[in-house]
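J.: What follows is a predicted structure for the sequence shown.
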Amino acid sequence: MAARPVIASIVDSGLLVELRTLTTSGSFSGDLCRCDGDLTLTLHDAGDALIGSATLHPTAVSWERERFANDLDISHSSSLHLLLARAGINGASNRILGELLTVSGLHEGEQQFRPADDAEALVAHRVPAPLAEALSKVSGDAAGQLDQESVRRLTRRLVESEGDTRAVRQLFAWLGTATWPTEAISGDGQLVRRMLDGLEPAVVERTLHELSTPSEVMGAVAWAAFLEEDAGVIGIIEPAIRRHLTKS
């Protein structure tokens, strides 16, 4: 614990109350995870003396491991990680990704990539209409490997047809429809991330505030999962994420 750097301090009373509730609500697993956890949470008194600590895992928390030797399976783990993102702690996108994939039904089956020469698949995967002709004979597998000039042409065609804001929303919806892990990481998902990289960051950030559909929200989280720092992005789309999880 002592070797871990301090990455955030939470002193706001409202956040502390919420944090206490989220890290003490759940059911005991009857076991103790042997890993060190993703993060360490330390509790200090008014004089800054250490009075307690816990290791945080994607869906569990372990308070005073030597004392209790019992993990608490958190009732609302996604809410906890969203709160941590609000406090400036990165990594929430990866920690909530599993739950979002489940509620969105995006775990891959036998078919790992969008097939070529399949007009219905283009629609089902939410490939933007202005790109349908250019990608009709390109499978998801091949789409992820397109050369950079082809990616630039596709990006330019989409923006010229839809405008930059609608283009970003359509790209997020497309990414948010790719199944995991293969298609989202190395197929259409890789192409979408490369296209987003070619757009003005200010446009992408502005559009994050407008996302509303489940596929757009899922796509934004999937995109954020590949960023070195995702806390700012997750902070923007947190209300949309909560709506998506609540409706699912």
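T.: Yes, it's here.

J.: List the buried residues of the lowest-mean-pLDDT helix or strand in the chain.
T.: One helix or strand of the chain scores below all others by mean pLDDT, DSSP states H and E: helix 65-68, with a mean of 86. Counting neighbours by 16 or more other Cβ atoms under 10 Å, one finds that the buried residues in helix 65-68 are residue 65. Any C-beta I mention is one placed from the backbone N, CA and C, and that applies to glycine too.

J.: Now do the helices in this structure.
T.: Assigned by DSSP state H, the helices in the chain fall at 13-22, 65-68, 77-86, 92-104, 119-124, 129-135, 140-143, 148-162, 164-175, 182-186, 188-197, 201-208, 214-224, 231-247.

J.: Out of the ones you listed, name the one with the poorest average pLDDT.
T.: Ranked by mean pLDDT, the helices of the chain bottom out at helix 65-68, which scores a mean of 86.

J.: what sits up against it?
T.: For helix 65-68, the surrounding residues in contact (Cβ atoms under 8 Å, 6 or more residues apart in numbering) are 32, 55, 62.

J.: Buried ones from those, can you make that a ChimeraX selection?
T.: Buried subset of the contacts of helix 65-68, written as a ChimeraX selection, criterion 16+ other Cβ under 10 Å:
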select :55,62
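
J.: I'd like the contacts of helix 65-68 as a markdown table, with distance to residue 68 and pLDDT appended.
T.: Formatted as a markdown table, the contacts of helix 65-68 follow (distance: Cβ to Cβ, whole Å; pLDDT from 0 to 100):
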| residue | distance to residue 68 | pLDDT |
| --- | --- | --- |
| 32 | 8 | 88 |
| 55 | 12 | 92 |
| 62 | 8 | 93 |
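
J.: Can you convert the contacts of helix 65-68 into CSV and add a column each for distance to residue 121?
T.: Formatted as CSV, the contacts of helix 65-68 follow (distance: Cβ to Cβ, whole Å):
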residue, distance to residue 121
32, 46
55, 43
62, 44
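
J.: now, which of the contacts of helix 65-68 lie within strands?
T.: Among those, DSSP state E puts 55, 62 in strands.

J.: Out of the contacts of helix 65-68, which comes closest to residue 82?
T.: Nearest to residue 82 out of those is residue 55 (Cβ to Cβ; 19.1 Å).

J.: if I look at the closest one, how far off is residue 244?
T.: Per Cβ to Cβ, to the nearest Å, residue 55 is found 28 Å from residue 244.

J.: picking that back up, out of the helices of the chain, which is the most enclosed?
T.: helix 214-224 (a mean of 25; mean count of other Cβ atoms under 10 Å).

J.: So which other helices or strands are in contact with it?
T.: helix 92-104, helix 164-175, helix 188-197, helix 231-247 (3 or more Cβ pairs under 8 Å, 6 or more residues apart in numbering; DSSP states H and E).

J.: Relative to residue 154, which of the ones you listed is closest?
T.: The nearest among the helices and strands packed on helix 214-224, by Cβ to Cβ, is helix 188-197 at 6.4 Å.

J.: ok now do the spatially closest residue to residue 56 that is not a sequence neighbour, which residues does it touch?
T.: Spatially, and ignoring its direct neighbours in sequence, residue 56 is nearest to residue 39 (4.4 Å; Cβ to Cβ, 6 or more residues apart in numbering). The neighbourhood of residue 39, defined by Cβ under 8 Å, 6+ apart, consists of 7, 55-56, 84, 89, 91.

J.: ok, now how distant is residue 39 from residue 80?
T.: As judged by Cβ to Cβ, residue 39 and residue 80 stand 10 Å apart.

J.: Identify the contacts common to the two.
T.: residue 56.

J.: Figure out the length between the terminal residues of stretch 207-217.
T.: 11 Å (Cα to Cα, to the nearest Å).

J.: Can you tell me what sits against that stretch?
T.: In contact with stretch 207-217 (Cβ under 8 Å, 6+ apart) are residues 104, 126, 164-165, 168-169, 172-174, 176-177, 220, 233, 236-237, 240-241, 243-244, 247-248.
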